[in-house]
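**Q** Need the 3D shape of this:
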Amino acid sequence: VNNLLVQQLLERSKCKTILKFLSTDLSSVTPALAKRIIDELDDDLDESMSPADVNDKQITRIVQLLRGSDQFKSPDGSCLSPLGEYNLNLGIRKVIEPEVVATARDRPGAYEGHPFIVEAAVSLGGKGAKEGITVVRFANRIPLLFEAGAD
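**A** Numbers count the residues shown, from 1 in each chain. Okay, the predicted model is just below:
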């Protein structure tokens, strides 16, 4: 969360009040938490105030409160589209044709408000297999360059 992002959200919001904006346009902010944020802003903000009327100083204070709050629940993984263990296993068997393949998938997690899922596969042998280890990394189903020791 940063000032520019909150400012853009405020400008594009169709909500009539700042309370409604906080509780509907921001994920994981309940109406009760939105009210607490407004109350912590003291006299700077009124819950019936229009999102378009919020000034830069108030935006900065809102961002500080949002960053400092530990009341948020982690975002769920419903926005993600994981490949799935079955499809990952099937794809590796089709392309690499390994002797052995194992796949695993973790539960969705979140880092700094961004949801993610880790899916992994290990295979042994296969067509065109070279001696040693070959690492292939993907993010959002796109191959990434592997730099040994960069992680």
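**Q** Low-confidence stretches in this structure?
**A** Along the chain, the parts satisfying pLDDT under 70 run over 43, 139-151.
**Q** Tell me where it has strands.
**A** 100-105, 109-111, 114-116, 119-124, 137-139, 142-144 (DSSP state E).
**Q** Please convert these to a markdown table, extending it with mean neighbour count and distance to residue 16.
**A** Glycine gets a C-beta too; all of them are placed from N, C-alpha and C. A markdown table is the format used below for the strands of the chain (neighbours: other C-beta atoms under 10 Å; distance: least, C-beta to C-beta, whole Å):
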| stretch | mean neighbour count | distance to residue 16 |
| --- | --- | --- |
| strand 100-105 | 14 | 43 |
| strand 109-111 | 12 | 30 |
| strand 114-116 | 13 | 30 |
| strand 119-124 | 15 | 43 |
| strand 137-139 | 11 | 39 |
| strand 142-144 | 9 | 41 |
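**Q** Of all the ones you listed, which one is nearest residue 13?
**A** strand 114-116 (21.9 Å; C-beta to C-beta).
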